[in-house]
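Asker: For reference, the sequence and a predicted model appear below.
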Amino acid sequence: MLPNVKTMTPIIISAYTLVTANGRGVGPILQALRERRSGLTPCDFEDVALKTYIGRVAGLEDFSLDQDIQRFDCRNNRLAWLGLQQDGFMVAVAEAKQRYGAHRIAVLMGTSTSGILETEHAYRARDPQTDTLPVGYTSRYRYTHNMFSLGHFVRTCLGIHGPAMVISTACSSSAKVFATASRLMHAGLCDAAIVGGVDSLCLTTLYGFAALQLLSSDPCRPCDEDRDGLSLGEAAGYALLESSERVNKYGAVALLGYGESSDGYHMSHPHPEGAGAICAIRDSLSRAGLRPQDIEYVNLHGTATRANDLVEDKAIYSVFGARPACSSTKGWTGHTLGAAGVTEAIICALCLTHGLIPGTLNCQRVDSSLKSRILRENQSGSISYVLSNIFGFGGNNCSLVLGKL
Amino acid sequence: MKVAICGIGLLAAGLVGWETSRPILAGRQPYQPEGVPDPEAVLLPPNERRRSSDCVRWAVQVAQEAIAQSGLDPRQVPTVFASSGGEMGVFDKLCRTLATPERLVSPTLFHQSVHNTAAGYWGIATKGQQSSTALSCYDDSFVAGLLEAVTVVWVEQSPVLLVAYDLPVPAPLYEARPIAAGFAVAFVLDLPSEDSSIVLQVRLEATCVEETVCLKDLGLDRVRQGNPAARSLPLLSAIARGGGRTVRLNMLDSQQCILDLESCHI
């Protein structure tokens, strides 16, 4: 939507990791994608009595954070911690610290609800006479529920001293961190960036989406003619971003473009013609210096709500026609909200690296009103350029173009 | 990185609007924190205003003030909204509801709980389709927002609207985050031109100093310490005093954002 979008210098994704309901690290999610095995199970979160499926990460109740980081202990930061332990990500960060120095690396994280579950619990434990919250909670609000808690936690765990912030634009949060990282690096405020997203299950989103009548009672069925809503999931994902001028990584996966826009239409309904989405997609292509026909795979936002999939299809079709293969991977992970951007960026990186295009899981019959080429079955074969869409509440849109250098 | 400041909006007790507040911030008039503002935020459509939170109305009020000064069409201006805690009043209502056996969450309250609620309402009010970011950096949310905004100006070669706000936190959540008075500030930033009256050079340094009193007026300094968005007061005060000045704002415990005001004749 910006008037003069210029081509950007590609940014190398030199390390990445992901924890979802499908397992810890990129190995399990890649295997699940290949075997078409969903991570969604009937909701058994706390005492929630909603008939829905969730993509829950196993084991988060079975440990607490170590003494030195105990103040951060909550479901969201446990998930964040679990993410940091996978795929040698901490080693890659340590090497980057050697290369650039701890002050020259930014930490940019996305989340939608942070550790709000702690506040939900604290409100249930209020003193009935005074209405006060437990003392043990109030001193830890800063380290658990506050929106910056996740950024504070990650930079503390990694010993990073560069600029840090948490971007929270609902579902688009951890897609937008890639754009912010690109700008900070371009402006010389850092040499590298750790970007990521962590969002965990909580009552606010489960009952909130139920109130909006957007939760499916079955595992979500993106693009299916009978789709009836989304399934919530939780995830932690991280990527280490470095300048392509500093590291020579022939064949590496890179961020080639990003596009950000707003709908300016409604807080929770997408613009009927997908106007904002189209702006984000076009800008991401312009920054990547690519034409629509260069994109071989589109990882859809594809939440499986009636409105999202219909409007996203209009936007995709108006930019690309019916040429690129399109699919949603929410049937594997559920909608991981503020972590969806990084979850799907990493899935795209895996697709580029392993020559895999996942077909939309749980889509039995593609909605005949959708005009894009919705893939139902997996395909294999080398691909070079992919686009990932993420749209969020407040009409907040972000598209990323990833490719192999 | 140099940017021009082409519009400022301000709202707090005793600081109602930028033009009215300038003599106070310049030290020419005493600061008297009287009355709690109740902004109209006239840009919001009436039905949206009726159900909007204080955060939304305060943010929209300062945003429209800054945009009006800039003379820019808000639809052409990307936005950055910075807030430490976001919709704390909405969280209070949601968590009360979730503590009841029925857990009957209002769908409106739920979509108003996101950190980008004010950003979203601004977009709806202006029908803007530009990029919009909402972020937090706890007490340093203003300076984090400033960094994001300045890099958007610099890298995307575009004007930007930066809004920082935090509203009083209701009990019992107040015990966890004791913010007693609201503060909202907005800047429209753009690439400097010959006509720019305020130019800001922005850089980061890997140093950090213990924060002490920053503002001569102790009442104003208490405002600064009591609200993350009010960490912008040293910059506002420097602009109001005019001339070349340097403002240093801590960015977390490891960096400082150095703001050199290069010219300031308004």
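Answerer: Right, received. Where do you want to start?

Asker: can we go C-alpha only for contacts and neighbour counts from here?
Answerer: OK.

Asker: Tell me if I'm right that A:Glu377 and A:Thr360 touch.
Answerer: Yes: with contact defined as C-alpha atoms under 8 Å, A:Glu377 counts as touching A:Thr360 (6.8 Å).

Asker: Looking at those two now, which is surrounded by more residues?
Answerer: A:Thr360 (29 against 13; other C-alpha atoms under 10 Å in any protein chain shown).

Asker: backbone phi and psi for the more buried one, please?
Answerer: phi -70, psi 110 (degrees, to the nearest 10).

Asker: what does the one 10 residues further on give?
Answerer: Geometry field for A:Leu370 lists phi and psi as phi -80, psi 130, criterion degrees, to the nearest 10.

Asker: List the contacts of it.
Answerer: A:223, A:310, A:313-314 (C-alpha atoms under 8 Å, 6 or more residues apart in numbering or on different chains).

Asker: switch the cut-off to 7 Å
Answerer: Contact analysis of A:Leu370 by C-alpha atoms under 7 Å, 6 or more residues apart in numbering or on different chains lists A:310, A:313.

Asker: so where's chain A shaky on pLDDT?
Answerer: Scanning chain A for pLDDT under 70 picks out A:1-4.

Asker: Taking the chain centroid, which residue in it is the extreme one?
Answerer: Distance to the chain centre peaks in chain A at A:Gln129, reaching 41.7 Å (criterion: C-alpha atoms, centre = their mean).

Asker: Put the alpha carbons of stretch A:262-270 into PDB.
Answerer: Below are the C-alpha coordinates for stretch A:262-270, written out as PDB (Å, rounded to 0.1, in the frame of the first residue of the first chain):
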ATOM      1  CA  SER A 262      -4.800  -2.800   7.300                       C
ATOM      2  CA  ASP A 263      -8.300  -3.400   6.200                       C
ATOM      3  CA  GLY A 264      -9.700  -0.300   7.900                       C
ATOM      4  CA  TYR A 265     -13.000  -2.100   7.900                       C
ATOM      5  CA  HIS A 266     -13.900  -4.000  11.000                       C
ATOM      6  CA  MET A 267     -12.300  -5.400  14.200                       C
ATOM      7  CA  SER A 268     -13.100  -9.000  13.600                       C
ATOM      8  CA  HIS A 269     -14.500  -9.400  10.000                       C
ATOM      9  CA  PRO A 270     -12.200  -9.300   7.000                       C
END
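
Asker: Give the bridge partners for residue 199, please.
Answerer: No chain was given, so I picked chain A. Counting by DSSP bridges, A:Asp199 forms beta bridges with A:Ala235.

Asker: Switch to chain B, please.
Answerer: B:Ala4, B:Ser263.

Asker: what's the burial count for it?
Answerer: 24.

Asker: how far away is it from chain A?
Answerer: 18 Å (C-alpha to the nearest C-alpha, to the nearest Å).

Asker: Show the contacting residues for that residue.
Answerer: B:Val199 neighbours (C-alpha under 7 Å, 6+ apart): B:2-5, B:192, B:261-263.

Asker: try 6 Å
Answerer: When contacts are counted by C-alpha atoms under 6 Å, 6 or more residues apart in numbering or on different chains, B:Val199 touches B:3-4, B:261-263.

Asker: What of A:Leu402?
Answerer: Counted by C-alpha under 6 Å, 6+ apart, A:Leu402 has contacts A:254-256, A:385-386.

Asker: before we move on, back to that, mind checking which helix or strand the residue farthest from the centre of chain A is in?
Answerer: Using DSSP states H and E, A:Gln129 sits within no helix or strand.

Asker: With B:Val80 instead?
Answerer: B:Val80 is part of strand B:79-82 when elements are defined by DSSP H and E.

Asker: which phi and psi does the residue farthest from the centre of chain A have?
Answerer: Per degrees, to the nearest 10, the backbone of A:Gln129 is at phi -80, psi -50.

Asker: how much space between it and B:Glu102?
Answerer: Per C-alpha to C-alpha, to the nearest Å, A:Gln129 is found 21 Å from B:Glu102.

Asker: Within range of chain B, give me the residues from the stretch 101-250 of chain A.
Answerer: The stretch 101-250 of chain A comes close to chain B at residues A:120, A:124, A:132, A:138, A:141, A:146, A:148, A:161, A:165-169, A:183, A:208, A:211-212, as judged by C-alpha under 6 Å from any C-alpha of the partner chain.

Asker: Only the buried residues of stretch A:173-193, if you could.
Answerer: A:173-187, A:189-193 (16 or more other C-alpha atoms under 10 Å in any protein chain shown).

Asker: meant to ask about stretch B:244-252
Answerer: B:244-245, B:247-252.

Asker: Do a quick rundown of the strands in the stretch 251-400 of chain A.
Answerer: For the stretch 251-400 of chain A, strands defined by DSSP state E, counting those that start in this stretch occupy the ranges A:253-262, A:297-299, A:325-327, A:356-357, A:373-374, A:379-380, A:385-392, A:396-404.

Asker: Please state the offset of the first one from the chain centre?
Answerer: When you say that, I think you mean strand A:253-262. Distance of strand A:253-262 from its chain centroid, counting by C-alpha atoms, centre = their mean, to the nearest Å, is 13 Å.

Asker: Likewise for the fifth one?
Answerer: The chain centroid and the centroid of strand A:373-374 are separated by 22 Å, computed with C-alpha atoms, centre = their mean.
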